[in-house]
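Asks: sequence first, predicted coordinates after that:
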Amino acid sequence: MNEYLINYPQLQSLRRRVGGFLLSFVCWLMWAYLLIPLVALGDWFLGGRRMTDEMRWFGGDKSLLELLQIYVATLLVLAVLWMSWVLLNRIRKPTQLMSSFKAYSDVDLCKFYSVEVDQLQKSRQSHWVGVYFDGQGRIIRLETDSHS
């Protein structure tokens, strides 16, 4: 099913597409935030004078240590926010699945998926079932094994 959504992204909701874009954007910003100081530090190790001049201008190694403390604190805040988000989603997940515990009749399932009742019964008795979709995500054909 995941491959299907990747091949047909138009079937994803607008909320999911915007959320995915925003998450990607934030991750790229964090990546850039992590790399820029490392590039500047690498330049300094390779003999670049810009880092040395900036260190002298802003107060030497004492200010560098203060900046590193701010940098580490920022990374810790980002890690805590990320872990909080993960834990929140882990806690919320069971409440989102409560609707899956409802019992639906075969007629309701057939009506929702536009499948005949005999196709549903044949699919339940088969060892494998091939499900074919159209471009809009609707089931167009069920194919079952011939051993049933």
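Replies: Done, it's in. Keep in mind the model is a prediction, meaning the values are calculated, not measured.
Asks: can you show me the helices along the chain?
Replies: For the chain, applying DSSP state H gives helices covering 2-7, 14-45, 50-58, 61-96, 106-113, 117-125.
Asks: the ones you listed into a markdown table, with extra columns for mean pLDDT and mean neighbour count?
Replies: For the C-beta atoms, the positions are set from N, CA and C on the backbone; glycine is no exception. Listed next are the helices of the chain as a markdown table, based on pLDDT from 0 to 100; neighbours: other Cβ atoms under 10 Å:
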| stretch | mean pLDDT | mean neighbour count |
| --- | --- | --- |
| helix 2-7 | 56 | 9 |
| helix 14-45 | 86 | 11 |
| helix 50-58 | 67 | 12 |
| helix 61-96 | 85 | 11 |
| helix 106-113 | 88 | 12 |
| helix 117-125 | 88 | 14 |
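Asks: quick check: the residue located most distally from the centre of the chain vs Tyr132, distance?
Replies: The outermost residue of the chain relative to its centre, with distances by Cα atoms, centre = their mean, is Arg56 at 43.4 Å. Using Cβ to Cβ, to the nearest Å, we find Arg56 at a distance of 70 Å from Tyr132.
Asks: repeat that for Tyr33.
Replies: With distances taken as Cβ to Cβ, Tyr33 is found 46 Å from Tyr132.
Asks: and Leu81, by the same measure?
Replies: Computed as Cβ to Cβ, the Leu81 to Tyr132 distance reads 43 Å.
Asks: phi first, then psi, for the closest residue to Leu11 other than its chain neighbours.
Replies: For Leu11, the nearest residue in space outside its immediate sequence neighbours is Gly137; the separation is 4.8 Å by Cβ to Cβ, 6 or more residues apart in numbering. Taking degrees, to the nearest 10, you get phi 90, psi 10 for the backbone angles of Gly137.
Asks: might one say that Gly137 is in contact with Gln12?
Replies: No - the pair Gly137 and Gln12 fails to qualify as a contact (Cβ atoms under 8 Å) at a distance of 10.2 Å.
Asks: more neighbours: which of the two?
Replies: Gln12 (14 against 11; other Cβ atoms under 10 Å).
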